[in-house]
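Visitor: Below: sequence and its predicted model.
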Amino acid sequence: MNIFDIVPKQFFSILSSKNHRIYVSCLLELFKVYEQGSILGIDKNIARQALIDYLDINPIDEEFEVDEDDEPLLTNRDKANQILRRFEECEWIDIDVNNDYEEILNFRDYAITVIEALKEISSDAYYDEDS
């Protein structure tokens, strides 16, 4: 089976966008929180707060590229919302509403595979620099 029969066309766009470093860092951070959560996913508010906390600790050095329709993002909360929206648009995550009207975030299966590969590459690159 062809990979492009499974993975949506826009999936890799976050890896080639101007914000690719930010997106990958946020993906890895979000995935850390996701792995510690329930098998049923994590509350979107918890995911958003994890990204806000990450952005507070690791301020974005370069200009964060926004859609033309959006006004410039000012707060880390706005940036976290934009990042989550972009992950959902590119089909890295799904956000479902449960019976209690809570939004639950889950990573898609193929996204998990790619994120685990990115983690492996990141850890390999880290060890190579120390040698």
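Guide: Sure thing, it's come through. None of the values given here were measured: they were computed from a predicted structure. Residues are numbered from 1 along each chain as shown.
Visitor: What sits closest to the residue nearest in space to the middle of the chain if chain neighbours are left out?
Guide: Central residue of the chain (Cα atoms, centre = their mean): L27, 3.2 Å from the mean position. Nearest residue to L27, sequence neighbours excluded (Cβ to Cβ, 6 or more residues apart in numbering): I115, at 5.9 Å. Yep, even glycine has a C-beta here, placed from its N, CA and C like the rest.
Visitor: Same check on D96?
Guide: Nearest residue to D96, sequence neighbours excluded (Cβ to Cβ, 6+ apart): I104, at 5.2 Å.
Visitor: swap in P8?
Guide: Closest to P8 by Cβ to Cβ, 6+ apart is E91, at 4.6 Å.
Visitor: and what of N81?
Guide: Once flanking residues are discounted, N81 sits nearest to R48: 6.6 Å by Cβ to Cβ, 6+ apart.
Visitor: OK, contacts around I60?
Guide: I60 is in contact with I22, K79, counting by Cβ atoms under 8 Å, 6 or more residues apart in numbering.
Visitor: okay, and for the protein, where does confidence drop off?
Guide: 61-73, 124-131 (pLDDT under 70).
Visitor: thinking again about what came up before, gap between the residue nearest to P8 and G41?
Guide: Going from E91 to G41 by Cβ to Cβ, to the nearest Å gives 15 Å.
Visitor: These two: which has the busier surroundings?
Guide: Taking other Cβ atoms under 10 Å, E91 and G41 do not tie; G41 has more neighbours (21 against 15).
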